[in-house]
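Asks: The amino acid sequence is not available; the structure is as follows:
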């Protein structure tokens, strides 16, 4: 049986700000927004903006963002450090290098090289951006840091 990636769900302290941040950084699109009413999730029409939802008294309780096979589900809450150590996604070298050259506000770059970037976002999550065909390698190999034993 093949392993198929489905989604990643994260708690974020500010749902609207996180949606805007991840849309800018990863080029994801809003798939849908939902609210919980009477214990059931209800989906807002796709064209509904944040301002329209607020004006209608709707509290958005989940945002689903997507790009190709990546679905990022955001929920309001306080992320607990250690709950997710690191998330790695594949992007084109031009996108990664553009983010390296101009990291968005709130991004703390931990490591970077051509076609590679590791950073913490303003919501407490650690991300690795690398080429889609990159193999899983040790940090020492990526950065050229080896122990001499």
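Replies: Thanks, I have it. Here the structure is a predicted model, which means the values were calculated and not measured.
Asks: quick one, helices of the protein?
Replies: Under the criterion DSSP state H, the chain contains helices at 15-26, 50-55, 93-101, 139-143.
Asks: wait, residue 110 sits on residue 119?
Replies: Yes: between residue 110 and residue 119 there is a contact under Cβ atoms under 8 Å: 5.8 Å. For glycine as for every other residue, the C-beta is placed from the backbone atoms N, C-alpha and C.
Asks: Name the residues contacting each of these two.
Replies: Residues within reach of residue 110 and of residue 119 at once, by Cβ atoms under 8 Å, 6 or more residues apart in numbering, are residue 126.
Asks: returning to what we had before: the helices of the chain: lowest mean pLDDT?
Replies: In terms of average pLDDT, helix 139-143 trails the rest of these, at a mean of 67.
Asks: thinking again about what came up before, ranking the helices of the chain by burial, who's on top?
Replies: A comparison of those by mean neighbour count, using mean count of other Cβ atoms under 10 Å, puts helix 15-26 on top with a mean of 18.
Asks: what's the offset of that one from the middle of its chain?
Replies: Distance of helix 15-26 from its chain centroid, counting by Cα atoms, centre = their mean, to the nearest Å, is 8 Å.
Asks: Give me the angle between it and helix 93-101.
Replies: Angle, helix 15-26 to helix 93-101, by axes from the mean of the first three to the mean of the last three Cα atoms, to 10 degrees: 120 degrees.
Asks: Can you tell me which helices and strands helix 15-26 packs against?
Replies: strand 29-37, strand 62-67, strand 70-76 (3 or more Cβ pairs under 8 Å, 6 or more residues apart in numbering; DSSP states H and E).
Asks: about what we covered before: of residue 110 and residue 119, who's got more company?
Replies: residue 119 (21 against 13; other Cβ atoms under 10 Å).
Asks: Could you check how far the more buried one is from residue 52?
Replies: According to Cβ to Cβ, to the nearest Å, residue 119 and residue 52 sit 33 Å apart.
Asks: same check, this time on residue 135
Replies: Using Cβ to Cβ, we find residue 135 at a distance of 45 Å from residue 52.
Asks: residue contacts, residue 130?
Replies: For residue 130, the contact set (Cβ under 8 Å, 6+ apart) comprises 88-91, 96, 115-117.
Asks: Strands - which of those land there?
Replies: Among the contacts of residue 130, the ones falling in strands (DSSP state E) are 88-90, 116-117.
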